[in-house]
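**Q** Test case, fold it:
(chains A and B, ligands or ions: 3)
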Amino acid sequence: MNLQVKIKDAIFDNPVCVASGTWSYEEKYSDAKKIRKLGAIIPKTFTLNRQQGNPPPRVAETASGMINSIGIENEGADYFISDKLPQLKKLRVPIILSISGKTTDEFILLAEKLNSDGEIKGIEINLSCPNLGHKVLVAQDARLTEETVTAVRKVSRHILIAKLSPNVTDITEIAKSAETAGADAVSLVNTFNALAIDIKTRKSKIGNITGGLSGPAIKPAALYMVYKTRQAIRLPIIAMGGIADSADALEFIIAGANMVAVGTASFLNPEAPLEVLSGIEKYMKENKINNISALTGSLKTQ
Amino acid sequence: MLNCSYKAKIISNKKVSRNFFILKLESPSGFKKPVPGQFINVRVNEGTLPFFRRPFSIYRADPFLEILYAIVGKGTEFLSHKKKGEILSILGPLGKGFSLPAKGIRQIVFIAGGVGLGPFLIYADKLKEIKANKVLLYGARAGDLIPPLEDFRKNGFKVCLSTEDGSKGKKGRVNVLFDNIDKEEKQSALYTCGPKPMMKAVKDFAVHYDLPAQGSFEEIMACGIGTCLGCAVQTVAGYQTVCEDGPVFNLSDIVF
Ligand SMILES: Cc1cc2nc3c(=O)[nH]c(=O)nc-3n(C[C@H](O)[C@H](O)[C@H](O)COP(=O)(O)OP(=O)(O)OC[C@H]3O[C@@H](n4cnc5c(N)ncnc54)[C@H](O)[C@@H]3O)c2cc1C
Ligand SMILES: Cc1cc2nc3c(=O)[nH]c(=O)nc-3n(C[C@H](O)[C@H](O)[C@H](O)COP(=O)(O)O)c2cc1C
Ligand code: FES
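**A** Ligands and ions are numbered 1, 2, ... in the order given. Purely as a prediction, here's the structure:
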């Protein structure tokens, strides 16, 4: 059985990843052998400089999902590269690093810092970031997306994956801009803009008032976007949004995803990423599918 | 995949007072010996309702893993329906617990309100051998909301009670019991858990009399293991996570 996936010249043993911001560093994971089964890990986004994050409360649960507004709390690129990354590498699992910048220049600096690293498998460009002087997020504007990806493409030697936001009128337009700008893959989706109110206090349940919705609640909407994007571009797609078990993951693959990532579901069930993988293997065996590529985009529309 | 993820079998889940339950679990094999103040994060129901796990202090760890909890919403309601023999998914022991009182401390004071009693019995067990004057100051809204406290007495604690309606002990909030604290000698160590205003009162008292004081804090948690950075609390050193950097902090470090 062949579960291998290729993004440009990078080969992943299987399509199952863990999504950015929902997976921890190595010391909490007992069994490195098990982790090594994963296709790739995508650690939390880091930024050029330290960010303290948003005021609490930062998370709220909703029907079959959660809202978060963490504010990309992180210690900055230099700390990440010198302290966190070596730990991650010890796991010997393919790593895709997620970066975000406040300006195009910050993205360029981040990409340059990673050029000397010969071990990482790729860079995910988290485009859900404000762009100075613009009201929208980069990921909400086709031109800004193209500008940002083009700039990173110019300086980076790594495989580039543009992470798209679902908070747009037409995600295929943004995906096309990323493709035009030279991205090697796209990942979708990030969280959906959301709000939850405590009616007793009439305050938002989130300190930053609004946040992003994730978890099973968003799965059908995310699946729709993956399906539409598959028809619009040729690049590989890393799909995420509410994947909690292998059936969820298979839906995304059938809709056109080349890889899938488990996010929020890991909080409920830490075994979810591995269960997704073994479930996909079982499904392929049962359905006599020898190569995962035969499943990708195999949605029957008749 | 996580080194703190276990399945635990329910030994019993019993109501022990008008609002409190004690859930007893078989301690799963490999479960680390908890430090008092550490907690477990419990999946109270299969499926996605409620969506988050629920954190509970470890009330006792030997011979069984116990939590003391009150029904305050749907999650604890679900938990109260769990029966003997059922299996729960738990993560633990999580977070940083209390640090033992420094040498020379003559009085150890636990100050708890409502479900804030949660981390203290395991700590009382642990302090059994330590010779000191030990006091539990416990505040509840009403007399029938007070959980059984014999085990604290058995561990050598003097128990002082306050109720808001005056039905048992001294009338008022737990701060009406602060005169039991030996403030002159500066040899008391304070440990507290309960509503934030109560812990703030303990902090102000401790600062005023220059006494060491630690508290166990709460925030809504999505993961409970330091991954999501969702349970941030403001400290003098910036945001820290309640689940991993805490839940126990020095009171002087917390920005109330
Ligand atoms: C480290 C830690 C240790 C705890 N130890 C105990 C314990 O020993 N015994 C006990 O009875 N309770 C304990 N709690 C509180 C317990 O987790 C909440 O009472 C429980 O999560 C409420 O769930 P619910 O669905 O019943 O209520 P909900 O309907 O979710 O909420 C009811 C109320 O509880 C608050 N709440 C919800 N989730 C949390 C949370 N994760 N932390 C704090 N407050 C919350 C809500 O804001 C609301 O005011 C602890 C909390 C933490 C963080
Ligand atoms: C707590 C939390 C933190 C997240 N942090 C990041 C992040 O730093 N960078 C990023 O690109 N996506 C982040 N995400 C989004 C996830 O990677 C994922 O795209 C989204 O949650 C949808 O997938 P899911 O429903 O499986 O979680 C975060 C999500 C959550 C719930
Ligand atoms: S609950 Fe996720 S970091 Fe504390």
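
**Q** At which residues are the strands of the stretch 101-250 of chain B located?
**A** B:107-113, B:133-140, B:157-163, B:170-171, B:188-193, B:213-216, B:232-235, B:238-241, B:248-250 (DSSP state E, counting those that start in this stretch).

**Q** JSON lines for the ones you listed, including distance to residue A:1?
**A** In this view, the C-beta of every residue, glycine as well, is placed from N, C-alpha and C. Below are the strands of the stretch 101-250 of chain B laid out as JSON lines (distance: least, Cβ to Cβ, whole Å):
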{"stretch": "strand B:107-113", "distance to residue A:1": "57"}
{"stretch": "strand B:133-140", "distance to residue A:1": "61"}
{"stretch": "strand B:157-163", "distance to residue A:1": "62"}
{"stretch": "strand B:170-171", "distance to residue A:1": "71"}
{"stretch": "strand B:188-193", "distance to residue A:1": "52"}
{"stretch": "strand B:213-216", "distance to residue A:1": "49"}
{"stretch": "strand B:232-235", "distance to residue A:1": "43"}
{"stretch": "strand B:238-241", "distance to residue A:1": "40"}
{"stretch": "strand B:248-250", "distance to residue A:1": "49"}
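
**Q** what residue ranges in chain A score low on pLDDT?
**A** Within chain A, the stretches with pLDDT under 70 are A:25-30, A:131-134.

**Q** Now do the contacts for the residue of it found nearest ligand 2.
**A** For chain A, the residue closest to ligand 2 is residue A:21, as judged by Cβ to the nearest ligand atom, at 1.9 Å. Residue A:21 makes contacts with A:44, A:45, A:68, A:70, A:263, B:228, as judged by Cβ atoms under 8 Å, 6 or more residues apart in numbering or on different chains.

**Q** what would these look like in CSV with secondary structure, neighbour count and distance to ligand 3?
**A** Formatted as CSV, the contacts of residue A:21 follow (DSSP: H, G, I helix; E, B strand; the rest coil; neighbours: other Cβ atoms under 10 Å in any protein chain shown; distance: Cβ to the nearest ligand atom, whole Å):
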residue, secondary structure, neighbour count, distance to ligand 3
A:44, coil, 23, 11
A:45, coil, 22, 15
A:68, strand, 26, 10
A:70, coil, 23, 9
A:263, coil, 26, 13
B:228, coil, 26, 4
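
**Q** From residue B:189, how far off is residue B:128?
**A** 16 Å (Cβ to Cβ, to the nearest Å).

**Q** okay, these two: which has more neighbours?
**A** residue B:189 (21 against 10; other Cβ atoms under 10 Å in any protein chain shown).

**Q** And the residue of the stretch 101-250 of chain A closest to ligand 1?
**A** residue A:198 (8.0 Å).

**Q** Then chain A?
**A** Counting by Cβ to the nearest ligand atom, chain A gets nearest ligand 1 through residue A:61, at 7.4 Å.

**Q** That residue is in what secondary structure piece?
**A** strand A:59-62 (DSSP states H and E).

**Q** Spell out which strands sit alongside that strand in the sheet and which way each one runs.
**A** strand A:65-68 (antiparallel) (DSSP bridges).

**Q** For the biggest strand by length in chain B, report the contacting residues that lie outside it.
**A** For chain B, the longest strand by residue count, based on DSSP state E, is strand B:5-15. Residues from elsewhere that reach strand B:5-15, judged by Cβ under 8 Å, 6+ apart: A:270-271, B:21-28, B:30-31, B:64-65, B:79-80, B:82-92.

**Q** For the residue of the stretch 101-250 of chain A closest to ligand 1, give me its contacts.
**A** Contacts of residue A:198 (Cβ under 8 Å, 6+ apart): A:204, A:205.

**Q** How many neighbouring residues does whatever residue of the stretch 51-200 of chain A ends up closest to ligand 3 have?
**A** Closest contact between the stretch 51-200 of chain A and ligand 3, by Cβ to the nearest ligand atom, is at residue A:59 (7.1 Å). For residue A:59, the count of nearby residues is 26 (other Cβ under 10 Å).

**Q** same deal with residue B:234?
**A** 15.

**Q** Skipping adjacent residues, who's closest to it in space?
**A** residue B:255 (4.3 Å; Cβ to Cβ, 6 or more residues apart in numbering or on different chains).

**Q** Which residues are in contact with the one you found?
**A** B:234, B:235, B:236.

**Q** What residues sit buried inside the helix or strand harbouring residue A:109?
**A** Taking DSSP H and E as the definition, residue A:109 sits inside helix A:104-114. By neighbour count on 16 or more other Cβ atoms under 10 Å in any protein chain shown, the buried set for helix A:104-114 is A:104, A:106, A:107, A:108, A:110, A:111, A:114.
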